[in-house]
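1. need a 3D model of the following:
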Amino acid sequence: SSVVLMLTPSTFPQCRRGARRSSPIAAPPARLPPRRAPAIAGADPFPESQMRLSRYFLPVLRENPAEAQIVSHRLMLRAGMIKQSSAGIYSWLPLGWKVLRRIEQIVHEEQVRAGHHPMLMPTIQPADLWRESGRYDAYGDELLRIRDRQDRDMLYGPTNEEMITDIFRAHVSSYRDLPLTLYHVQWKFRDEMRPRFGVMRGREFLMKDGYNFDLDEAAARHAYNRHLVSYLRTYERMGLQAIPMRADSGPIGGDDTHEFLVLAETGESEVFYDSEITDLRFGDRAIDYDDAAQCRGVLEEFTSRYARTDETHDEAAFAKVPEDRRRTARGIEVGQIFYFGTKYSDAMGATVQGPDGKPAPVHMGSHGIGVSRLVGAISEASHDENGIVWPEGVTPFHAGIVNLKQGDASTDSACEGIYDALTAEGLEPLYDDRKERAGGKFATMDLIGLPWRITVGPRGLQNGKVELTSRRTGEAEEMSPEAAIARLKDIYGIA
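-> Numbers count the residues shown, from 1 in each chain. Purely as a prediction, here's the structure:
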């Protein structure tokens, strides 16, 4: 059964924006500063103006869906984040869409930081480009081949090596225009025979794929290392430890590739690694992405210890790891980087005029991050028996506000004041303003996993206090509304 929380504004007229009640305790200021764009990193580029449960579309489920086999799929369905349209294809409902956008925004920020240029390529590609590279027939049944009304062979792109190479060869002809890295975030499709595990192994998925073009192998190796560094930063900002592991290149090709895997019991890959690698953190260290030696040093730090997927596992090499540090587990792939030399440039004639005036095929690599898969991976890695526990970097709302006595003048006024103060600071709270039992409100907040909750009730307000609770630890602390707001500003890095 499902409960759809979608009520009209007239249902609770006392909670319309601007409908304030007088109260001597925690009353909202008479004049609030104008709302500014969110200053926090990874902020939602499309913040919502009405963040109240009485007006929000959140179709939470009371029971575990029978079709969900793993925790992340079960929790994402129960939390009203997604709805299955057909096998392996999902609609992203408002809560899930917000998390997806947060993750995408972090990916964009870190790609731009590394000097990469965003763009957008179409989902539908001409088959002729894939015939040039030789992959149209070689890719297999996962490639969705279609034909348009003009009887032209087309396909729904699972990746974009051919299309980006075509763009490059049409516009770049000199080595002086190198190095160049272009990327986009776009929906992809792979016709999986047995899609399962929700968004973790769906047929339609959102992916960031980037492509570097360099004059020689040394420059392309630097691009490879630069991507590894930027990926480490990206995943840590999402609250994940994603371990780079030597992997198989599959249909994309190339000799050098690393997958980034998050350890989880439900991972699709068996992995073998030296436990020392789990102690490594990139942290907030400064990095110059143009410094080849610095980027290479990070790669060596994070890849010198044994860490491989089952496709490339070497028992003899693994046996050299001290026995007490040998680990076997399962992992969820959330990204992969490739260096494949001149494979596509040779096949498709992507050359530049070199310093010697002669044409030279460019060296290339491709680099992917599974944006929609990350929503499932984070849910899988960060949850408890009550629901999801979002890391602060990707949470759909920065905090929940729970009104324990809706309709009471003092609690309504205090909640409105906290709501307005947080939104004025660029934060997005979700205010549970429903006339619902406290237990039901707490259960909903736990299920959807907001990392912080401010609980407002008449008893606490008599002493000028509200309760700030950490979803991750369960620790609660009473403090003034002003102190709770200040604490959240500090947590999210707002001066």
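
2. from here on, just use CA atoms for contacts and neighbour counts.
-> OK.

3. wait, is Asp191 part of a strand?
-> No. Asp191 sits outside any strand when classified using DSSP: H, G, I helix; E, B strand; the rest coil, being coil.

4. okay, now Ala66: neighbour count?
-> Ala66 has 7 neighbours, counted by other CA atoms under 10 Å.

5. ok, it to His73 distance?
-> Ala66 sits 11 Å away from His73, going by CA to CA, to the nearest Å.

6. so Glu478 is in which element?
-> When elements are defined using DSSP states H and E, Glu478 is found to belong to strand 476-479.

7. mind listing what that strand pairs with, with the direction of each?
-> According to DSSP bridges, strand 476-479 forms sheet pairs with strand 466-470 (antiparallel).

8. return the distance of the strand it pairs with from the chain's centre.
-> Counting by CA atoms, centre = their mean, to the nearest Å, strand 466-470 is centred 27 Å from the centre of its parent chain.

9. ranges for the helices of this protein?
-> Remark: helices of the chain, listed N- to C-terminal, are 71-78, 94-113, 127-133, 135-138, 161-171, 217-237, 292-303, 315-319, 343-348, 371-381, 409-424, 438-448, 458-462, 481-491; assignment by DSSP state H.

10. report how many residues lie close to the closest residue to Val107 other than its chain neighbours.
-> Distances taken as CA to CA, 6 or more residues apart in numbering place Thr234 nearest to Val107, at 6.2 Å, with adjacent residues excluded. If you count neighbours by other CA under 10 Å, Thr234 ends up with 21.

11. thought His108 was touching Thr234, still the case?
-> No. Proximity of Thr234 to His108 does not meet the contact threshold set by CA atoms under 8 Å, at 9.3 Å.

12. distance of the residue nearest to Val107 relative to Ala114?
-> With CA to CA as the criterion, Thr234 and Ala114 are 11 Å apart.

13. before we move on, what about Pro451?
-> With distances taken as CA to CA, Pro451 is found 29 Å from Ala114.

14. of those two, who's got more company?
-> Neighbours were counted for Pro451 and for Ala114 using other CA under 10 Å; Pro451 has more, 26 against 20.

15. output the below-cut-off pLDDT ranges for the stretch 251-400 of the chain.
-> Low-confidence segments of the stretch 251-400 of the chain (pLDDT under 70): 251-255.

16. what about the residue nearest the centre of the chain, distance to Gly96?
-> Centrality entry for the chain: nearest residue to the mean C-alpha point is Ile103, 3.0 Å, by CA atoms, centre = their mean. Distance, Ile103 to Gly96, by CA to CA: 11 Å.

17. can you check Glu104 too?
-> 12 Å.

18. where does the stretch 101-250 of the chain have low pLDDT?
-> Low-confidence segments of the stretch 101-250 of the chain (pLDDT under 70): 249-250.

19. one more time with 90, if that's ok
-> 193-194, 196-197, 201, 247-250 (pLDDT under 90).

20. how about the strands in the stretch 1-150 of the chain?
-> Under the criterion DSSP state E, counting those that start in this stretch, the stretch 1-150 of the chain contains strands at 2-4, 59-61, 82-86, 89-92, 117-118, 124-126, 144-147.

21. which strands or helices does the last one pack on?
-> Using 3 or more CA pairs under 8 Å, 6 or more residues apart in numbering; DSSP states H and E as the contact criterion, the elements in contact with strand 144-147 are strand 153-156.

22. list the contacts of the strand it packs on.
-> Outside strand 153-156, the residues that touch it by CA atoms under 8 Å, 6 or more residues apart in numbering are 123-128, 143-148, 188-189.

23. quick one: which of those residues is most hemmed in?
-> Highest neighbour count within the contacts of strand 153-156: Phe189, with 23 neighbours (other CA under 10 Å).

24. hang on, it packs against Arg145?
-> No. In this structure Phe189 lies outside contact range of Arg145 using CA under 8 Å: 10.7 Å.

25. quick one: distance of the lengthiest strand in the chain to the chain centre.
-> In the chain, assigned by DSSP state E, the strand with the most residues is strand 326-341. The gap between the average C-alpha position of strand 326-341 and the chain average comes to 17 Å, counting by CA atoms, centre = their mean.

26. list the buried ones in it?
-> Within strand 326-341, the residues scored as buried using 16 or more other CA atoms under 10 Å are 326-327, 330-341.

27. including distance to Met119, could those residues go into CSV?
-> Putting these into CSV (distance: CA to CA, whole Å) gives the following:
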residue, distance to Met119
Arg326, 42
Arg327, 40
Arg330, 34
Gly331, 31
Ile332, 27
Glu333, 24
Val334, 21
Gly335, 19
Gln336, 20
Ile337, 19
Phe338, 20
Tyr339, 21
Phe340, 22
Gly341, 23
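
28. before we move on, the earlier item: please enumerate the shared neighbours of Thr234 and Ala114.
-> With CA under 8 Å, 6+ apart applied, the contact sets of Thr234 and Ala114 do not overlap.

29. can you name the residues that contact the nearest residue to Asn212 once chain neighbours are set aside?
-> Spatial nearest neighbour of Asn212, excluding adjacent residues (CA to CA, 6+ apart): Thr181 at 4.2 Å. For Thr181, the contact set (CA under 8 Å, 6+ apart) comprises Gly115, His116, His117, Gly210, Tyr211, Asn212, Phe213.

30. please consider this matter closed, and thank you.
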